[in-house]
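Enquirer: A structural model of the following input is requested.
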Amino acid sequence: MVEFHAMMIASERCDPKDSLTRAGLNKTRQRLIVLETLIQAERPLTVSAIVSAIDGGERINKVTVYRTVSILREHGIVREIPTVDDICYYEMACDHNPAHAHFYCRNCKTLTCLEPLTLEETLGIFRRPHDFSVDQVSVSITGLCGACLGEGAT
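Expert: Residues are numbered from 1 along each chain as shown. Below is the predicted model:
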């Protein structure tokens, strides 16, 4: 399995303030902190993981993080990745982190980013005419990660 690391080098990162400005949202402390946490994350995070990852000096409760990611998702700043276990993960939805598939381990509940499809591969999905309009493509693959497979998980 090819793994995609969404971690960005400093010069290729999103700026939380610019992201909020472009979306027409106020630059609240909570929004900036949640965005910075997602930008620095090496992989998509759950709301609980966002709360845990926030610097100890900054306290934001879980309800506020849920509301914040919901607003950011509605404005296209972050994308939500639901799993078969009804756990939602969140990641930046920006030029630095293009839409891509994910692998979800049903045993250890980890979500891993996979390499994005090429434009040609993506277009191949839509070569036939359809009676619908596509706004977003989300691909998630579920199974067992290498560590859980080695432990004999089923």
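Enquirer: how close does residue 91 get to residue 71?
Expert: 16 Å (Cβ to Cβ, to the nearest Å). All C-beta atoms are positioned from the backbone trio N, CA, C, and that covers glycine.
Enquirer: Over to residue 101?
Expert: 26 Å.
Enquirer: that older thread, look at residue 91 and residue 71 and report which has more neighbours.
Expert: Taking neighbours as other Cβ atoms under 10 Å, residue 91 and residue 71 compare with residue 91 leading, 22 against 18.
Enquirer: Surely that one and residue 81 touch.
Expert: Yes. Here residue 91 reaches residue 81: they are 6.8 Å apart, a contact under Cβ atoms under 8 Å.
Enquirer: Identify the contacts common to those two.
Expert: Listed as contacting both residue 91 and residue 81 by Cβ atoms under 8 Å, 6 or more residues apart in numbering are residue 44.
Enquirer: Residue 69: how many residues sit nearby?
Expert: Counted with other Cβ under 10 Å, the neighbours of residue 69 add up to 23.
Enquirer: That one should be in a strand, yeah?
Expert: No. Under DSSP: H, G, I helix; E, B strand; the rest coil, residue 69 sits outside any strand and is assigned helix.
Enquirer: On the three-state scheme, the closest residue to it other than its chain neighbours is what?
Expert: Closest residue to residue 69 apart from its sequence neighbours, by Cβ to Cβ, 6 or more residues apart in numbering: residue 90 at 5.1 Å. On the three-state scheme (three-state DSSP), residue 90 is labelled strand.
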